[in-house]
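Colleague: could you look at this predicted model? Sequence included:
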Amino acid sequence: MDHQNKPQILEHLHKSLTVTLYDCRWIPGTAKFVTLGSYARNTGCLQVYELEGPDLKTVKETEKKHSFKCGTFGASSMAERRLATGNFGGEVQIWDLENTAQPVYTAQAHASIVNAIDGCGGQAKGYGAPELATCGRDGCVRVWDVRQQDAPVAAFEPADPNNVRDCWCVAFGNSFNDDERCLLAGYDNGDVKMFDLRMNKVRWETNVRNGVCGLQFDRKDISMNKFAVCCLEAQFHVFDARTQHPKKGFASVSEKITAGATVWGAQHLPQNREVFMVSAGDGNLYLYRYHYPDQRKVKDHDGQELGVAGSVEMLNYKNISTQPVAGFDWSPDKEGLFACVAFDQAVRVGIVTKLNKV
């Protein structure tokens with residue numbers, strides 16, 4: 001790609017705070033986003049910001065008992081736009097952002113901190129139940145139907161209670177009809193597990209040799225196509241999920257970011273699933289493009305179909321912070337617009353230009 005047509009990562013707005021921020025999420029269909037984190041006194045901070053031309057306006061700020069770790073709108077309808085959160089007290093909660101005095105839903109999801117949350121089934125009609133997935137230090141992965149308050153609809157517990165691995169991240173995918181749905185989980189020892197929620201069992205597992213900090217399918221609501229796995233030690237992997245070999249599983253390509261920092265997450269561009277942003281522990285954002293191979297599958301010597309991994313190309317990168325970028329989210333409505341939070345206690349809004357040239 002010639003330099004003139006390269007996408008540029010530009011910082012549009014920067015706001016310094018006195019809050020530790022862990023996550024941020026655009027409110028679908030609006031120019032607003034939510035940040036989640038912790039005040040110095042270890043209470044929860046939920047803020048709503050709105051873009052107003054060149055300014056970032058604070059619409060709402062709410063303090064709660066427990067620090068917030070993560071959030072998602074994935075299980076909410078477009079009409080309600082309700083935010084689901086996981087906190088340091090192990091609770092999963094759902095909030096009506098017009099009235100945050102009390103959550104509209106609360107469940108004790110884990111014994112301690114909810115490390116990650118993902119949502120599915122809220123915005124697409126006919127793609128299964130609106131569900132949340134959570135994971136925690138207890139090594140458990142739990143799935144919640146937001147219409148039921150009492151207990152998880154699925155739970156995947158550690159096989160050996162004497163060898164519990166911290167589960168750091170979860171991600172829904174393969175939710176292309178009312179029946180099919182998968183869930184990825186990543187653990188501190190490098191384990192990656194794919195649970196088939198229809199069969200309620202492990203469909204596939206591997207180990208990437210480094211703690212898994214982030215996971216994402218390129219789209220939740222299509223037949224599995226590919227997914228990214230982000231790790232400690234500067235690595236990420238992209239797995240081709242179209243073809244699962246009975247012994248070798250999914251083909252993958254691995255990439256190391258230049259700085260040797262933790263790869264906190266990869267977020268696929270909603271308007272073009274081959275483009276994704278990697279957020280890193282060195283305060284950098286790295287923009288990548290995935291290139292499919294000429295053939296996505298071949299036959300092995302036994303006649304079994306074997307997937308073929310593509311390649312990744314770094315389009316550009318930008319240093320935006322002296323501290324790790326903990327949370328990143330693309331706007332679902334305006335291509336290239338993003339919000340991110342870093343451990344320098346700042347929130348930033350940026351734009352990636354020339355994505356139509358990619």
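Modeller: Looks like it came in fine. Numbers count the residues shown, from 1 in each chain.

Colleague: so what's R137 up against?
Modeller: 110-113, 115, 166-167 (C-beta atoms under 8 Å, 6 or more residues apart in numbering). All C-beta atoms are positioned from the backbone trio N, CA, C, and that covers glycine.

Colleague: that one and C167: what is the separation?
Modeller: Plainly put, R137 is 8 Å away from C167 if you go by C-beta to C-beta, to the nearest Å.

Colleague: common neighbours of those two, please.
Modeller: With C-beta under 8 Å, 6+ apart as the test, R137 and C167 both reach N115.

Colleague: which of the contacts of R137 ranks first by neighbour count?
Modeller: When neighbours are counted by other C-beta atoms under 10 Å, C167 leads the contacts of R137 with 27 neighbours.

Colleague: tally of neighbours for the closest residue in space to that residue that isn't next to it in sequence?
Modeller: Counting by C-beta to C-beta, 6 or more residues apart in numbering, C135 is the residue found nearest to C167 once chain neighbours are left out, at 3.7 Å. Burial of C135 is recorded as 28 neighbouring residues (other C-beta under 10 Å).

Colleague: pLDDT wise, what is C135 at?
Modeller: What the model reports as pLDDT for C135 is 97.

Colleague: in the stretch 1-150 of the chain, what spans have low per-residue confidence?
Modeller: For the stretch 1-150 of the chain, the stretches flagged by pLDDT under 70 are 1-3, 124-126.

Colleague: how about 80 then?
Modeller: 1-4, 123-126, 149-150 (pLDDT under 80).

Colleague: residue boundaries of the strands in it?
Modeller: Secondary structure of the stretch 1-150 of the chain (DSSP state E, counting those that start in this stretch): strands at 9-16, 20-26, 32-38, 44-52, 55-64, 68-72, 83-87, 91-95, 105-108, 114-120, 131-136, 141-145.

Colleague: in a markdown table, list those strands along with distance to P324.
Modeller: Listed next are the strands of the stretch 1-150 of the chain as a markdown table, based on distance: least, C-beta to C-beta, whole Å:
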| stretch | distance to P324 |
| --- | --- |
| strand 9-16 | 16 |
| strand 20-26 | 11 |
| strand 32-38 | 13 |
| strand 44-52 | 18 |
| strand 55-64 | 21 |
| strand 68-72 | 15 |
| strand 83-87 | 19 |
| strand 91-95 | 25 |
| strand 105-108 | 29 |
| strand 114-120 | 15 |
| strand 131-136 | 20 |
| strand 141-145 | 24 |
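
Colleague: which residues does stretch 154-171 contact?
Modeller: 115-118, 133-143, 183-189, 191, 193, 195, 197, 200, 202, 211-217, 227.

Colleague: the stretch 251-358 of the chain: strands as residue ranges?
Modeller: 263-269, 272-280, 284-291, 297-299, 305-307, 311-319, 325-330, 337-342, 346-352.

Colleague: okay if I get those as TSV plus mean neighbour count?
Modeller: What follows is the strands of the stretch 251-358 of the chain, written out as TSV (neighbours: other C-beta atoms under 10 Å):
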stretch	mean neighbour count
strand 263-269	23
strand 272-280	22
strand 284-291	20
strand 297-299	12
strand 305-307	18
strand 311-319	16
strand 325-330	24
strand 337-342	24
strand 346-352	21
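
Colleague: in TSV, list those strands along with distance to K60 and mean pLDDT.
Modeller: Below are the strands of the stretch 251-358 of the chain laid out as TSV (distance: least, C-beta to C-beta, whole Å; pLDDT from 0 to 100):
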stretch	distance to K60	mean pLDDT
strand 263-269	24	97
strand 272-280	25	97
strand 284-291	27	97
strand 297-299	49	94
strand 305-307	46	95
strand 311-319	29	97
strand 325-330	18	97
strand 337-342	15	98
strand 346-352	14	97
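
Colleague: would you turn those into JSON lines with distance to G128?
Modeller: Shown next, in JSON lines, are those (distance: least, C-beta to C-beta, whole Å):
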{"stretch": "strand 263-269", "distance to G128": "20"}
{"stretch": "strand 272-280", "distance to G128": "20"}
{"stretch": "strand 284-291", "distance to G128": "26"}
{"stretch": "strand 297-299", "distance to G128": "27"}
{"stretch": "strand 305-307", "distance to G128": "25"}
{"stretch": "strand 311-319", "distance to G128": "30"}
{"stretch": "strand 325-330", "distance to G128": "23"}
{"stretch": "strand 337-342", "distance to G128": "28"}
{"stretch": "strand 346-352", "distance to G128": "31"}
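
Colleague: next up, the contacts around W26.
Modeller: 32-33, 73, 329-333, 339.
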